[in-house]
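K.L.:
Generate coordinates for the sequence data below:
(one chain, ligands or ions: 2)
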Amino acid sequence: MKLEAPISEVRGVGPKTEAALEKAGLKTVKDLLYYLPRTYDNFEEITKLSNIKPGKVVIKGKISDLHTTRTRRRNFTVTEGVIRDNTDAIRVVWFNQPYRATSFDEKKEYYFTGNYDFNRGRYQLTSPKAELASDVEKSRATFRPVYSVRSGFKSEGFHKLIENLRPEFAFIPDLLPETGTAFSKPGARADALFKAHFAENSAEIKEARNYLAFEELFELILASQLNKQENQKLRSAKIPFVADDIKNLVKNLPFPLTNAQRLAAFQILKDLEKPTPMNRLLQGDVGSGKTVVAAISAFSAIRAKKQVALLAPTAILATQHAESLRELLQPFGIKTELLIGSTKQKTDLKTRIKNGEVDLVIGTHALLTDDTEFRDLAFVIIDEQHRFGVSQRQKLLEKTVKTTGLAPHLLMMTATPIPRSLQLAVFGDLDVSILNEMPRGRQPVKTTIIKELNFKDELYPKIREYLGRNEQVYFICKKIDEKGVSEAVSVKKQAEKLKKVFPNVKIACLHGKMKPDEKDAIMTDFANNKTKILVSTTVVEVGVNVPNANLMVIMNAEGYGLAQLHQLRGRVGRGKSKAECFLVANADEPSRRLKELEKSTDGFYLAEADLKLRGPGEIYGSLQHGALNLQFATLMDTKLIAAASTAAKNCAIKFAKNPETFDLFPELKQGIKQYQQLTTLN
Ligand code: ADP
Ligand code: MG
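P.N.:
Numbers count the residues shown, from 1 in each chain. Ligands and ions are numbered 1, 2, ... in the order given. Here you go, the predicted structure:
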């Protein structure tokens, strides 16, 4: 049976099953083979009730005291009972499965598989699966795969289909070319897939997953390497690096550049000189000064009579960029314009952009519309690049290719540090510059964990102190205003409370549900020191710069991830004066996460710490599932990533030398094409 054969060719797949599977995205035999068990029931590892701990358990025991109650909510039943083995007894509960009350023989032993957890005030086994012990033992399948239900198609169903395919596994062709690892041994793939579905112990599962993760990483990284090669084939405008010109600009900056900024700018200017498009990521912690690096590179392109576009994720941010870049570049006769949703006389502006009368256009998604055309766009800068989808970037790039026949140079900026170990897997086709140094004179933000109980004694005097120096305060809350939400989490309620404590102070609210104009007005007032305390949701998170705001209070700090807290904190301490951040957590023992923040202000350190604390799944979750679409590998597999990187790089070089060798791996080629579409930028 061919891997690409439709799933209907699998024995047991009738039209109805086919439809259900298709809805779940499983269309071919290959899709089914790669639909791996979510977990495995292990009837060999039985938990004695005297040793039971919360989590997934398999218990062998007898059940009694079964009864069903109906709750006040209509049609809602709770069936309860007691499970006993020869060591102890526990409570078991099923919801809305009243038949359970009569489906057991109290004299017989069963295997119960499920979660033992704390629920409704006590520990219990919740909605376990139950099977007669004699049945399980007869079948001798002590290790059994459990598949996730898909479109109503159950685990048992998958089990049967895979069982029907059992004889086919031996014929699964290899996928990988020589990689110098055990993963490319003949039969390695068939072996892995077989073990994944018919594992007899956990070692086999690990082996199988390892192979599949490698295969996946290899494809992903190879795709990005091939992208890189493709990119090198494109042409773009050469932008000469005129050292005297750049020196002149740098001399006129209000501050000396940090060494990291110098190096990054140099790398970018060197890239821009090449006839192939730059594809570079500028990573730098909040406040590390990415904007001025962008300004220097834009300046160089504009001097070469090219147009530059800077794309920002929010109107506030675009506006701020426009202001600061205009200030830096206007003395050199450079025309900078802002294009956001609320821009007046858009048509006129667009005409001027099209005629090449504007050198630098800064904007939000408004830049991406079809009727925004450039005369000679050669360089695109994207701030907070993770906020943009691939398709949006693509649009801007296609636009350029269409009008000039050349691909634009691309500089992406991000304040989210990606640990080195993950870089290649995540951004394999990008060159990276890092700002690992803060501007001189910048003091680390002093961070303190505080309880709400202590506001009166510890926080309010602080606020008075900062206000007394005519400095400003951020108050970050989780929600806007919902019924039943406490002061701690509601922007509006917190603002009311603060107004009572500080009756003569101008306090404003900011949140995402406001209209863009309204938000801008409030942010502008705050930036101009007209309001003193800004009570806001995390909409201030992204890049907004108010150097006079030096105190930040984050309510319910436990409710945010480390990276997000770090980003938020980066809103203060942007000037020369000292700055502080209070993390409000009411538990007696604050989490490791908050303690790490208290300890460090280094974004790269915190990213590594976060990676260790939570694992990459959660941090890069959306990236992983959205952009990278990893099914088997996790970004935690650093060793595997390293092995896959080396192999993929070597392979990319080989394929570049002898393209026909790539044709020997049609399945790989096909798979790569899909990845390339995901990650390609040009
Ligand atoms: P981010 O990297 O977060 O985008 P910004 O570019 O907004 O940081 O810079 C943060 C602040 O630091 C700005 O007020 C900017 O003018 C200032 N700044 C940037 N570079 C330097 C420097 N080398 N010395 C002093 N201040 C700097
Ligand atoms: Mg920024």
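K.L.:
Just the buried residues of the longest helix anywhere in the chain, please?
P.N.:
Of all segments of type helix in the chain, defined using DSSP state H, the longest is helix 202-233. Across helix 202-233, burial judged by 16 or more other Cβ atoms under 10 Å covers 204-205, 207-228, 231. Placement of C-beta: from N, CA and C, glycine included.
K.L.:
Ala89 is in contact with Ser50, isn't it?
P.N.:
No. Under the criterion of Cβ atoms under 8 Å, Ala89 makes no contact with Ser50, lying 9.9 Å away.
K.L.:
okay, stretch 321-331 in PDB with CA atoms only?
P.N.:
Output in PDB follows, covering the C-alpha atoms of stretch 321-331 (Å, rounded to 0.1, in the frame of the first residue of the first chain):
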ATOM      1  CA  HIS A 321       8.600  55.400  15.800                       C
ATOM      2  CA  ALA A 322       7.600  58.100  13.400                       C
ATOM      3  CA  GLU A 323       8.300  60.800  16.000                       C
ATOM      4  CA  SER A 324      11.700  59.500  17.100                       C
ATOM      5  CA  LEU A 325      12.900  58.700  13.600                       C
ATOM      6  CA  ARG A 326      11.700  62.000  12.200                       C
ATOM      7  CA  GLU A 327      13.700  63.700  14.900                       C
ATOM      8  CA  LEU A 328      16.800  61.800  14.100                       C
ATOM      9  CA  LEU A 329      16.500  62.000  10.300                       C
ATOM     10  CA  GLN A 330      14.800  65.300   9.500                       C
ATOM     11  CA  PRO A 331      18.100  67.300  10.000                       C
END
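K.L.:
buried residues in stretch 312-327?
P.N.:
For stretch 312-327, a neighbour-count test (16+ other Cβ under 10 Å) marks 312-322, 324-326 as buried.
K.L.:
Tell me which residues are up against that stretch.
P.N.:
If you take Cβ atoms under 8 Å, 6 or more residues apart in numbering as the criterion, stretch 312-327 is touched by 291, 294-295, 298, 310, 336-338, 340-342, 360, 362-364, 383-384, 387-388, 516, 519-520, 523, 527, 539, 542-545.
K.L.:
Now, those that are in helices?
P.N.:
Counting by DSSP H, those contribute 291, 294-295, 298, 516, 519-520, 523, 527 to helices.
K.L.:
which of the residues you listed lies closest to ligand 1?
P.N.:
Closest approach to ligand 1 among the ones in helices among the contacts of stretch 312-327 (Cβ to the nearest ligand atom): Thr291, at 3.2 Å.
K.L.:
Please, which helix or strand holds the residue of the chain most remote from its centre?
P.N.:
Going by Cα atoms, centre = their mean, the residue of the chain most distant from its centre is Lys107, 51.6 Å out. Assigned by DSSP states H and E, Lys107 belongs to no helix or strand.
K.L.:
re earlier: which strands or helices does the longest helix of the chain pack on?
P.N.:
Here helix 202-233 touches strand 39-42, helix 188-198, helix 420-427, helix 638-657, helix 666-679, going by 3 or more Cβ pairs under 8 Å, 6 or more residues apart in numbering; DSSP states H and E.
K.L.:
The ones you listed: which one's closest to ligand 1?
P.N.:
Nearest to ligand 1, of all these, is helix 420-427, at 17.9 Å by Cβ to the nearest ligand atom.
K.L.:
from memory Ala5 sits against Val29, does it?
P.N.:
Yes. Ala5 lies in contact with Val29 (Cβ under 8 Å); the separation is 4.9 Å.
K.L.:
neighbour-wise, which of these two wins?
P.N.:
Using other Cβ atoms under 10 Å, the more surrounded residue of Ala5 and Val29 is Val29, with 22 against 12.
K.L.:
my read: that one touches Arg11, true?
P.N.:
No. Using Cβ under 8 Å, Val29 is not in contact with Arg11; the gap is 11.2 Å.
K.L.:
shared neighbours of these two, anything?
P.N.:
Joint contacts of Val29 and Arg11 (Cβ under 8 Å, 6+ apart) are Leu165.
K.L.:
low-scoring pLDDT stretches of the stretch 101-250 of the chain, where are they?
P.N.:
139-141 (pLDDT under 70).
K.L.:
Can you name the residue of the stretch 551-682 of the chain nearest to ligand 1?
P.N.:
Arg574 (5.0 Å).
K.L.:
follow-up on the earlier one: let me see the contact set for the residue farthest from the centre of the chain.
P.N.:
Lys107 makes contact with Lys62, according to Cβ under 8 Å, 6+ apart.
K.L.:
Quick check: the gap between it and ligand 1.
P.N.:
70 Å (Cβ to the nearest ligand atom, to the nearest Å).
K.L.:
Tell me both backbone torsions, phi and psi, for that residue.
P.N.:
Here is the backbone geometry of Lys107 (degrees, to the nearest 10): phi -90, psi -20.
K.L.:
Could you do Phe665 as well?
P.N.:
Torsion angles at Phe665 (phi, psi; degrees, to the nearest 10) stand at phi -120, psi 70.
K.L.:
do Tyr111 as well
P.N.:
Backbone geometry at Tyr111, expressed as degrees, to the nearest 10, gives phi -100, psi 130.
K.L.:
what sits against it?
P.N.:
By Cβ under 8 Å, 6+ apart, the residues touching Tyr111 are 41, 43, 46, 58-60, 130-133, 136.
K.L.:
switch the cut-off to 6 Å
P.N.:
Shown in contact with Tyr111 (Cβ atoms under 6 Å, 6 or more residues apart in numbering): 43, 60, 131, 133, 136.
K.L.:
related to what we said a few turns ago, the ones in helices among the contacts of stretch 312-327: which ones sit near ligand 1?
P.N.:
When Cβ under 6 Å from any ligand atom is applied, the members of the ones in helices among the contacts of stretch 312-327 adjacent to ligand 1 are Thr291.
K.L.:
Please list only the buried members of the ones in helices among the contacts of stretch 312-327.
P.N.:
For these, a burial check counting by 16+ other Cβ under 10 Å picks out 291, 294-295, 298, 519-520, 523, 527.
K.L.:
for Leu125, phi and psi?
P.N.:
Phi and psi for Leu125, reported as degrees, to the nearest 10, are phi -90, psi 120.
K.L.:
list the contacts for it?
P.N.:
By Cβ under 6 Å, 6+ apart, the contact list for Leu125 reads 90, 92, 114, 116.
K.L.:
ditto for Ala208
P.N.:
Taking Cβ under 6 Å, 6+ apart, we find Ala208 in contact with 192, 195-196.
K.L.:
Can I get these in JSON lines including distance to Val553 and neighbour count?
P.N.:
Formatted as JSON lines, the contacts of Ala208 follow (distance: Cβ to Cβ, whole Å; neighbours: other Cβ atoms under 10 Å):
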{"residue": "Ala192", "distance to Val553": "52", "neighbour count": "22"}
{"residue": "Lys195", "distance to Val553": "53", "neighbour count": "21"}
{"residue": "Ala196", "distance to Val553": "50", "neighbour count": "24"}
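K.L.:
Closest one of those residues to Leu21?
P.N.:
Closest approach to Leu21 among those (Cβ to Cβ): Ala196, at 18.1 Å.
K.L.:
Having no further points to raise, I will conclude here.
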